[in-house]
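Okay, sequence plus prediction incoming.
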Amino acid sequence: MKYCPVCKNTKPFSDFYLSKAKKSGYHSSCKECSKEEKRLWRIKNKDKVAAYDKQWQEQNKDKKSANYKQWQQSNRGTVNAYNSKRRASEKAATPSWADLEKIKSLYNVAQYLDWISGGFVKHHVDHIIPLRGKNVCGLHVEDNLQILIDKDNLRKSNKHG
Ligand SMILES: [Zn+2]
């Protein structure tokens with residue numbers, strides 16, 4: 001049993017928080033009183049607590065967005081290559097003789113170019129002859145692929161409708 005000087009009760013050790021800072025190994029006040037002390041401390045130090053909470057949230061947010069950015073960057077080739085809508089039309093336009101390894105490496109190069117630009121310039125693997133053009137349909141083969149930066153890709157698709 002241990003005496004709590006705050007509520008002036010003698011309580012079992014299980015009612016006290018462990019504390020490495022204390023000689024006894026237990027917090028001087030009981031769990032109930034500690035909670036109340038903490039609550040009062042937070043009210044008394046409202047500004048300090050708010051600043052700390054804000055700081056923690058911001059640090060956490062940065063960590064989260066940095067992780068997401070990293071994920072996006074390392075998966076961009078995959079994300080681009082497996083875009084579901086495009087995958088269907090690409091599959092239909094891929095002849096048996098297409099060099100799949102070369103095609104894959106082009107997506108990797110586009111991803112690499114994104115990476116060395118620090119994410120400021122986005123690159124796309126573009127079909128020189130569109131897969132679903134009005135008059136001709138291009139094939140999903142290495143010779144019909146080129147790497148364009150985002151702006152060019154948009155301009156090109158606008159021009160060809
Ligand atoms: Zn107490």
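Received the coordinates, thanks.

C-alpha from now on. contacts and neighbour counts both.
Will do.

was I right about Asp15 contacting Cys33?
No - shown here, Asp15 and Cys33 do not form a contact pair, counting by Cα atoms under 8 Å, at 10.0 Å.

number of nearby residues for Ala51?
Residues within reach of Ala51, counting by other Cα atoms under 10 Å, total 12.

Could I get the pLDDT score of it?
Ala51 carries a pLDDT value of 80.

Could you tell me how far it is located from Ser24?
33 Å (Cα to Cα, to the nearest Å).

just Arg42 next, same as before
Arg42 is 26 Å from Ser24, by Cα to Cα.

quick one, which of these two is more surrounded?
When neighbours are counted by other Cα under 10 Å, Arg42 and Ser24 differ, and Arg42 comes out ahead with 14 against 11.

Test my guess that the more buried one contacts Tyr52.
No - applying Cα under 8 Å as the test, Arg42 and Tyr52 come out as separate, 11.1 Å apart.

joint contacts of those two?
Shared contacts of Arg42 and Tyr52, defined by Cα atoms under 8 Å, 6 or more residues apart in numbering, are absent.

now the strands: where do they sit in this structure?
With DSSP state E, the ranges of strands along the chain come out as 2-4, 9-11, 123-127, 145-149.

okay, those, which one's buried deepest?
For the strands of the chain, the largest average neighbour count (mean count of other Cα atoms under 10 Å) is found in strand 123-127, namely a mean of 23.

Mind listing the strands that one pairs with, and their directions?
strand 145-149 (antiparallel) (DSSP bridges).

now the partner strand, how far from the centre of its chain.
26 Å (Cα atoms, centre = their mean, to the nearest Å).

quick one: low-confidence parts of the protein?
60-69, 71-73, 75-85, 151-161 (pLDDT under 70).

if you set the cut-off to 80 instead, what comes out?
Along the chain, segments meeting pLDDT under 80 span 49, 52-88, 112, 114-121, 133-134, 150-161.
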